[in-house]
Each structure stands twice: as structure tokens, then as C-alpha cells.
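Enquirer: missing the sequence, but the structure's below:
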């Protein structure tokens, strides 16, 4: 088996704590369409491309133009991100450890380029990513495999020698379909187990050696009740 060629990090909810910002954005836009966002909407909101969330809001509200809703979502989310998006616990330590060991890493996000550039120019400005991929950089974004296949290609590496770090069901599905090793650190939604997915409760528990182990197949989640519970609702404050 080859060694770890590269680590491919998701952004929202994985490296930066933007889930709450995205949820509040979606909640606000949904309200304007006459729809009260609840936990039932979470699978169509968390970890999804802006266009997917826009289509969902139009569908459940019965009104609005999907492209205009997508533009409104992007603009509102960008405004919130610009105000600051803190890094997730353990993210900096893991990035520093990978850099010290000479393991390259990149950012692979389903967010629009506008949002990715804002975060990379702000909270993640000091992080030496080899490159960043946004939803605008492939024909299809997550949950399709295109983003992770494209990222491996940018490194000139076999997809099977790369590990993706994800927090959402769609992100994990994208990485798995591409053929990456998959490390899941759930943030808002529970992520289904699979034979090729390794689970950790926090990036604080993740080491470069653990990432190398992801290339050999998944480590099942052992203790489901201790994982974060899905928390979005119109009466609570979740984290995106």
C-alpha cells in the first residue's frame, strides 16, 4: 500500500465553525419565503451546495426563483463569514503536525468561491494550503465525487492515496465515491457508518498517523450516543 499522498480538508464545519452561520442564513432566507426552518430541513441544508439548498427552500415554500434564492443565500452567508469564522478545536494542531511531517494538504469545499476566498483570506489566511477547490471549480460538487477526484489530480496522486476529512453525510459520500480514505468528524448531522469510513469525535483526537490508517479501510463508530446530536431547529442555535 502506498503512503499518504495528501490530506483533503472540507471547510465548513470541519476546519472552521461556520455551520451556525449557514443555518442562520438559511433560516433568514426561508423566513422571507414564508417557511419556518426546522430540523427536518437539515439534510437538505447542512453540507449541501447553495443551489441544492435554494431548490429545497423553493420546493417547501412553494414560491421563489431558485437562482435568486441561491444568490440571496450566498450574499447573506458571505456577509456573516466576513465578520469572522473561528477554527474548529484541534484544527490548527493537526494542520501544524501535517506541515511538520511534510504531508501536503488542500481545501475541498462545496461552498462558492466567494465564500471560500473569504474564509481562506481570513480565519485560514495563515494555513499553507497547496490549493483550494470550491463548488465553482468542478461541474458537479458534493455529494458527487468530482471535487475529490479533481483534488487528487491536482496533486498528481492516486485518489486511493489521499484522505478526505469531512463532517457531513454529503461530504463523506463524495469522498467515498471518489475512492479516498475517509475520516469523519461529525459536527451537526449524524454521518452513516460504512466499511471505508473512520470516525473521530473531534479533530483534537486526530493525528497524521491516524490519517494514514484511514487508507487501510474504515474504523467503525463504536459509541453512537456520544456523538453530536443533530441540533438544528427554529428554536435552537445550531452550529454550521
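Expert: Now that the structure is in, tell me what you want to look at. Nothing here was measured: the structure is a model prediction, and the numbers come from that model. Numbering: from 1, shown residues only.
Enquirer: Can you list the low-confidence ranges for the chain?
Expert: Filtered on pLDDT under 70, the chain yields the residue ranges 1-2, 217-240.
Enquirer: how about 50 then?
Expert: Across the chain, residues meeting the criterion (pLDDT under 50) sit at 1, 221-240.
Enquirer: where along it do the helices fall?
Expert: Ranges of helices in the chain, per DSSP state H, are 19-32, 42-45, 50-61, 66-82, 91-100, 113-120, 146-155, 169-178, 208-213.
Enquirer: okay if I get those as CSV plus mean neighbour count and distance to residue 6?
Expert: Glycine gets a C-beta too; all of them are placed from N, C-alpha and C. Below are the helices of the chain laid out as CSV (neighbours: other C-beta atoms under 10 Å; distance: least, C-beta to C-beta, whole Å):
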stretch, mean neighbour count, distance to residue 6
helix 19-32, 21, 25
helix 42-45, 20, 29
helix 50-61, 20, 26
helix 66-82, 18, 25
helix 91-100, 17, 9
helix 113-120, 20, 17
helix 146-155, 21, 5
helix 169-178, 24, 12
helix 208-213, 17, 10
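Enquirer: can you redo the ones you listed as JSON lines with distance to residue 189?
Expert: Shown next, in JSON lines, are these (distance: least, C-beta to C-beta, whole Å):
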{"stretch": "helix 19-32", "distance to residue 189": "9"}
{"stretch": "helix 42-45", "distance to residue 189": "6"}
{"stretch": "helix 50-61", "distance to residue 189": "14"}
{"stretch": "helix 66-82", "distance to residue 189": "18"}
{"stretch": "helix 91-100", "distance to residue 189": "19"}
{"stretch": "helix 113-120", "distance to residue 189": "19"}
{"stretch": "helix 146-155", "distance to residue 189": "19"}
{"stretch": "helix 169-178", "distance to residue 189": "6"}
{"stretch": "helix 208-213", "distance to residue 189": "22"}
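Enquirer: which residues are in contact with stretch 40-48?
Expert: 12-13, 19, 22-23, 26, 30, 37, 52-53, 56, 60, 110, 142, 167-171, 188-189, 230, 232, 240 (C-beta atoms under 8 Å, 6 or more residues apart in numbering).
Enquirer: try stretch 99-108
Expert: 4-11, 15, 95, 98, 116, 120, 124, 128-133, 147-148, 151, 154-155, 164, 208, 211.
Enquirer: now the end-to-end length of that stretch.
Expert: End-to-end distance of stretch 99-108: 18 Å, with C-alpha to C-alpha, to the nearest Å as the criterion.
Enquirer: Which of the residues in it are classified as buried?
Expert: 103-108 (16 or more other C-beta atoms under 10 Å).
Enquirer: So which of those residues are in strands?
Expert: 105-108 (DSSP state E).
Enquirer: any idea which of those is the one closest to residue 67?
Expert: Comparing those against residue 67 with C-beta to C-beta places residue 108 closest, at 24.6 Å.
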